[in-house]
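1. Structure, please.
(4 chains, ligands or ions: 2)
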There are 2 protein chains.
Amino acid sequence: MFKVNKLTDYATVVLIDIARTDTVRSSQRIAERTGIPMPTVAKLMKSLHRAGLVASTRGAGGGYSLCRPAKDISVADVIQAVEGPIALTACADTSDEECNIQKLCPVQGKWNRVNTAVRSALSEVTLADMVDEVATFGRKTFDAPAVVTPAVVTSAVVTEVR
Amino acid sequence: MFKVNKLTDYATVVLIDIARTDTVRSSQRIAERTGIPMPTVAKLMKSLHRAGLVASTRGAGGGYSLCRPAKDISVADVIQAVEGPIALTACADTSDEECNIQKLCPVQGKWNRVNTAVRSALSEVTLADMVDEVATFGRKTFDAPAVVTPAVVTSAVVTEVR
DNA sequence: AGTAAACAGGACCCAATTAGTCCCGATTGG
DNA sequence: CCAATCGGGACTAATTGGGTCCTGTTTACT
Ligand code: FES
Ligand code: FES
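-> Numbering: from 1, shown residues only, chains lettered A, B, ... in the order given. Ligands and ions are numbered 1, 2, ... in the order given. Sure thing, here's the model as predicted:
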């Protein structure tokens, strides 16, 4: 099945959660809010930080926060942060426009066209879209606390605090 | 890394090869022409057949052939044939427009939008595109036999017979 | 009819990848 | 100085995917 990593799904959940109340929070806190195991959250946040999606502050009272507004973070960004470059085939590994063995390969860059198409498709949806959706959903349909569940995983639950 | 299966890459190579000289050929023959191990080819062809991309004739002298013109077979078709439904997250498992737990999930179908975008992107490139590319490439650049190599794999080689 | 060439389906194993855990060093606020 | 917290990376467990094989069925050809 053609799908994204579980960690990518986690990442969207975490980021959406952060985006909704834009304050600094620790991995610990995130783990509690999302139900994702703490060590996994820690690992995840490292990736997101390295990719420049979240800012981190160290030391006591430190934690993570978005370093761009949610509307400037696309699904493609998240995928690339967690899984590395979007490259449907190994030949387009570097994620730029050149196939590395293009001169020899007869499929000759055709996969790149597909790659590009997919990448741009993934760039069209931003976190902000998802946040909005979550917000309106939470209020319109339920009076209950909004719940953020990774699409892939059923155990992760965000209990809306305050 | 966000990528397609190796088998999917194989599949494109095999299909392109078949498309170029549209005759019936056995798995055995395909294996020889592509350099992909015979048992793997066999497995692959079964998937492609089940998905209705190739027609098979049994018995001695039997084999496979395309059952639609190459221009009506998209990359999306190939991926779906080999890997199953294109569903970036488990929630959209069935590959239709409905998320199965949409009523409960706050990300609420947003992944479907991404899914759809990706699917349509993958539908834009057809085998015919790739075949053309291969043909012109083979003639223009080399006088040597055209070689079809899966982008992912370096060992598979098609020796242009006749 | 008999035989050999092929496909169909599925069980199965091994390798590769991914998910998840843990530890230790570096920072920083109190 | 101490406690909280991030950063990097090593390591293990779980899952997936690649690849093989076996058994049965269909069909052409002699
Ligand atoms: S080198 Fe890119 S398609 Fe082959
Ligand atoms: S049910 Fe589809 S996004 Fe959650």
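2. Could you use CA atoms for every contact and neighbour count after this?
-> Fine.
3. so where do the helices sit in chain A?
-> Assigned by DSSP state H, the helices in chain A fall at A:6-20, A:27-34, A:38-50, A:75-83, A:110-123, A:127-141.
4. Can you dump the C-alpha atoms of the first one in PDB for me?
-> Extracted C-alpha coordinates of helix A:6-20, given in PDB (Å, rounded to 0.1, in the frame of the first residue of the first chain):
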ATOM      1  CA  LYS A   6       3.300   6.300  10.900                       C
ATOM      2  CA  LEU A   7       5.700   8.900  12.300                       C
ATOM      3  CA  THR A   8       4.600  11.300   9.600                       C
ATOM      4  CA  ASP A   9       1.000  10.800  10.800                       C
ATOM      5  CA  TYR A  10       2.200  11.400  14.400                       C
ATOM      6  CA  ALA A  11       3.900  14.500  13.200                       C
ATOM      7  CA  THR A  12       0.800  16.100  11.800                       C
ATOM      8  CA  VAL A  13      -1.100  15.400  15.000                       C
ATOM      9  CA  VAL A  14       1.700  16.900  17.100                       C
ATOM     10  CA  LEU A  15       2.000  19.900  14.900                       C
ATOM     11  CA  ILE A  16      -1.700  20.500  14.700                       C
ATOM     12  CA  ASP A  17      -1.900  20.300  18.400                       C
ATOM     13  CA  ILE A  18       0.900  22.900  18.800                       C
ATOM     14  CA  ALA A  19      -0.600  25.100  16.200                       C
ATOM     15  CA  ARG A  20      -3.900  25.300  18.000                       C
END
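5. that older thread, minimum distance to B:Ala60: which of the helices of chain A has it?
-> Of all the helices of chain A, helix A:110-123 sits nearest to B:Ala60, with 36.0 Å by Cα to Cα.
6. could you give the angle of that closest one to helix B:6-20?
-> 130 degrees (axes from the mean of the first three to the mean of the last three Cα atoms, to 10 degrees).
7. out of the helices of chain A, nearest to B:Thr40?
-> By Cα to Cα (comparing all of the helices of chain A), the closest turns out to be helix A:110-123, at 22.3 Å.
8. Would you mark the buried spots in the closest one?
-> Buried positions in helix A:110-123, judged by neighbour count with 16 or more other Cα atoms under 10 Å in any protein chain shown: A:110-112, A:114-123.
9. Tell me the one of those residues nearest B:Val41?
-> Nearest to B:Val41 among the buried residues of helix A:110-123, counting by Cα to Cα, is A:Trp111 at 21.3 Å.
10. pretty sure the closest one is in contact with A:Leu88, am I right?
-> Yes. The pair A:Trp111 / A:Leu88 is scored as a contact, 7.4 Å apart, by Cα atoms under 8 Å.
11. Minimum distance to B:Gln28: which of the helices of chain A has it?
-> Among these, helix A:110-123 comes nearest to B:Gln28, with 26.8 Å by Cα to Cα.
12. With ligand 1 in mind, check whether the closest one reaches it.
-> Yes. Between helix A:110-123 and ligand 1, judged by Cα under 6 Å from any ligand atom, the touching residues are A:Lys110, A:Trp111.
13. lowest-pLDDT helix or strand in chain A?
-> The helix or strand of chain A with the poorest confidence is helix A:127-141; it has a mean of 57 (mean pLDDT, DSSP states H and E).
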